[in-house]
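Undergrad: just to be clear, the model below is a prediction. Sequence and coordinates:
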Amino acid sequence: MRAKVESIGILLIVLAFGLMTGRAGRAQEPGPPPQPAHLVLDEMRTVYLGNLARWDNDVPPLRWNVQMTHAARWFSWDSVENRPGGYCGHDDTLGRAPWDRGAAFGYKGFLGAENCFCGYVTPEYAIQGWMNSEGHRANLLNPGFREVGLGYYLRESDGRGYVTQDFGYDSVYPPVIIEYEAITTTSTTVNLYIHTNEGNGGFTGMSAATEMMIANDPCFTDASWEPYSAERVWALESGTGWRTVYVKTGDRLGRTTIADDTIYLGETVPLDELGLHLASSTTDTVTLYGLDGGGLPYVQFSQNWFADDTFDTFTLWWGNGEQVEDGDAIGGTAFRLRPGNGESFAWVWTTEFYKETPFVAYFRLKVSDNSSGGEVARISVKGGGTEYGPLSLRGTDFASANVYQEFPIPFTFHDNPDDVFLIFQFWRSGEADVYVDGVYIFTAPQPVESPMIWKVPGGNYRGGGIWVRYTDDAGNFSAIEEANLNPKRISVSPSSLAFLAERGASPPPARMLSILQEGCGSFTWNASGDADWLHLQPVRERVEVSVDTTGLSVGTYHATITVEAEAGVVGSPVQVPITLIVAERLNRIYLPLMD
């Protein structure tokens, strides 16, 4: 068996951007059978050993990824089942290059390199072979990648196999990796590597993390913000079993992302519990809970979408102005447009935002003097050649001087090849200083319902913070809130109860219902019954259920206990059917003892 050496270098990476949309939608059916446990183990061990090689060369580890693994598995299967013996390459039988396959299998980031072994080899042999090949080594040690997909295929009938390793980078996803993506550990003390983004993040992504919080549960119970650090020692919960660590990172503008990783704590990991549920993934929808506008009937969402005065594309075109420190501004700076030298004009722009989708831009501004009834500023949005506005602002449109206020402008960024820019524009036209903090971008208003399934623009949700605000038809809108993705849930155990009683005798023993609370935070609940013979007594997180058979005739009786939680709790109300059988006489039967 031999390794296929091919490095996808800078030239081909540039070419990849031109090719990625060409055949991304082509089908890949049929495909490989469900991956057997021993090959899943090979894949996970290859990820881990590759990360050890990266770490030995001062390169951060990679997170195992679902979509790239599906692409890699399919290609390994295709190279064995649909190619003659001895095939060794990177294009599949549908004519797709690696980046085409990644897109076809749902990877929204940039799949930029691929290593292959043209035959089945062990994880140790694969990593050793790639590290001994200049091209493969360059791919494996490329610090620009943050995720990896591994696909093993082995045909048992003749032993022919193939191994594929894909590398990718998704700018909206800074992963966390426990112990270099090891499958198992025997120590509760583990090493974390926490990735961060570079640059300012643009309109749609986070910039470099400045702070983080870490927890062993998705609610971040008792967690607190601490300065960001790429490396962190962490304590898992004790015991045996799968342990997940959650990391929330935040940047200077308040944009956040949550990532997690899972490891098995114990001597021997159950092979049948290995699978892609342990890998990073993407989804195109998010379920949001606890939405309540408090009288405002519409809701809007934003996934960290913010245009700031610190971005590289923020430019003063004419007039007086400069960036200033401002403790009331998002991120601590604003751009001041000053009087003198005619009007002042600035803008901030991007070419990377979601097209042909209605949005609302909220311009966050303040003025030094709000006494004028004349125009002091104008704002507008240009989206793909179409201008929305300008909106003329008088001094009296600001409720107070030197207090930031938001002004909305609905817009759509049109897909126009002759004008590829989305531009937010700011004019100072009066005698007051105008401070430009930034622009929030939200989806168009839609009726509030909870829970609500939100189809994320771009179809690539990877843990980014979601902002929520409420509005109405009169132009009123709420402050921004953080969306709740971890709902409170209630369940009751057991799901039904039955009592057997003898007429005129003592009632049967009481039974207990357990009220199970899940999710982030506690909540109140109450229990009620719909029959006079049914008696309930709450006891902490349980309900004692008893029956009173006084005056009841022989027969079968039915009732329902309803357990109802406070508003917004998923699963509420819970109804528990109760059956009471009253017999004329109960006869005890004793079973023989067994030897």
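TA: Structure's in. What do you need? Residues are numbered from 1 along each chain as shown.
Undergrad: got the contact list for Phe345?
TA: Leu316, Trp317, Trp318, Gly319, Leu337, Gln425, Phe426, Trp427, Arg428 (C-beta atoms under 8 Å, 6 or more residues apart in numbering). Heads up, the C-betas are built off the backbone N, CA and C, glycines and all.
Undergrad: need the residues you listed in JSON lines with pLDDT and secondary structure, can you?
TA: Conversion of these to JSON lines gives the following (pLDDT from 0 to 100; DSSP: H, G, I helix; E, B strand; the rest coil):
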{"residue": "Leu316", "pLDDT": "98", "secondary structure": "strand"}
{"residue": "Trp317", "pLDDT": "97", "secondary structure": "strand"}
{"residue": "Trp318", "pLDDT": "97", "secondary structure": "strand"}
{"residue": "Gly319", "pLDDT": "96", "secondary structure": "coil"}
{"residue": "Leu337", "pLDDT": "98", "secondary structure": "strand"}
{"residue": "Gln425", "pLDDT": "99", "secondary structure": "strand"}
{"residue": "Phe426", "pLDDT": "99", "secondary structure": "strand"}
{"residue": "Trp427", "pLDDT": "98", "secondary structure": "strand"}
{"residue": "Arg428", "pLDDT": "98", "secondary structure": "strand"}
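Undergrad: which of the residues you listed tops the neighbour count?
TA: With neighbours taken as other C-beta atoms under 10 Å, the top of the contacts of Phe345 is Arg428, carrying 29 neighbours.
Undergrad: show me the contacts for the closest residue to that one other than its chain neighbours.
TA: Excluding the flanking residues, the one nearest Arg428 by C-beta to C-beta, 6 or more residues apart in numbering is Leu337, at 3.6 Å. Taking C-beta under 8 Å, 6+ apart, we find Leu337 in contact with 316, 319-321, 344-346, 377, 426-428, 433-436.
Undergrad: export stretch 451-470 as PDB, just CAs?
TA: Extracted in PDB, the C-alpha atoms of stretch 451-470 (Å, rounded to 0.1, in the frame of the first residue of the first chain):
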ATOM      1  CA  PRO A 451     -41.100  28.100  21.300                       C
ATOM      2  CA  MET A 452     -40.100  29.300  17.800                       C
ATOM      3  CA  ILE A 453     -38.000  27.500  15.200                       C
ATOM      4  CA  TRP A 454     -35.800  30.100  13.500                       C
ATOM      5  CA  LYS A 455     -34.300  29.300  10.100                       C
ATOM      6  CA  VAL A 456     -30.900  30.900  10.300                       C
ATOM      7  CA  PRO A 457     -29.800  33.000   7.300                       C
ATOM      8  CA  GLY A 458     -27.000  31.300   5.600                       C
ATOM      9  CA  GLY A 459     -28.000  27.900   7.100                       C
ATOM     10  CA  ASN A 460     -24.900  27.600   9.200                       C
ATOM     11  CA  TYR A 461     -25.700  27.900  13.000                       C
ATOM     12  CA  ARG A 462     -22.600  26.900  15.000                       C
ATOM     13  CA  GLY A 463     -23.200  28.200  18.500                       C
ATOM     14  CA  GLY A 464     -23.100  31.900  17.900                       C
ATOM     15  CA  GLY A 465     -25.000  34.100  20.300                       C
ATOM     16  CA  ILE A 466     -28.500  35.100  19.200                       C
ATOM     17  CA  TRP A 467     -29.900  38.500  20.100                       C
ATOM     18  CA  VAL A 468     -33.600  39.100  20.400                       C
ATOM     19  CA  ARG A 469     -35.600  42.200  20.400                       C
ATOM     20  CA  TYR A 470     -39.400  42.900  20.200                       C
END
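Undergrad: buried ones in that stretch?
TA: By 16 or more other C-beta atoms under 10 Å, the buried positions in stretch 451-470 come out as 452, 454, 456-457, 460-470.
Undergrad: same question for stretch 112-124.
TA: For stretch 112-124, by 16+ other C-beta under 10 Å, it's Gly112, Ala113, Glu114, Asn115, Cys116, Phe117, Cys118, Gly119, Tyr120, Val121, Pro123.
Undergrad: could you do stretch 290-306 as well?
TA: By 16+ other C-beta under 10 Å, the buried positions in stretch 290-306 come out as 290-291, 293, 296, 298-306.
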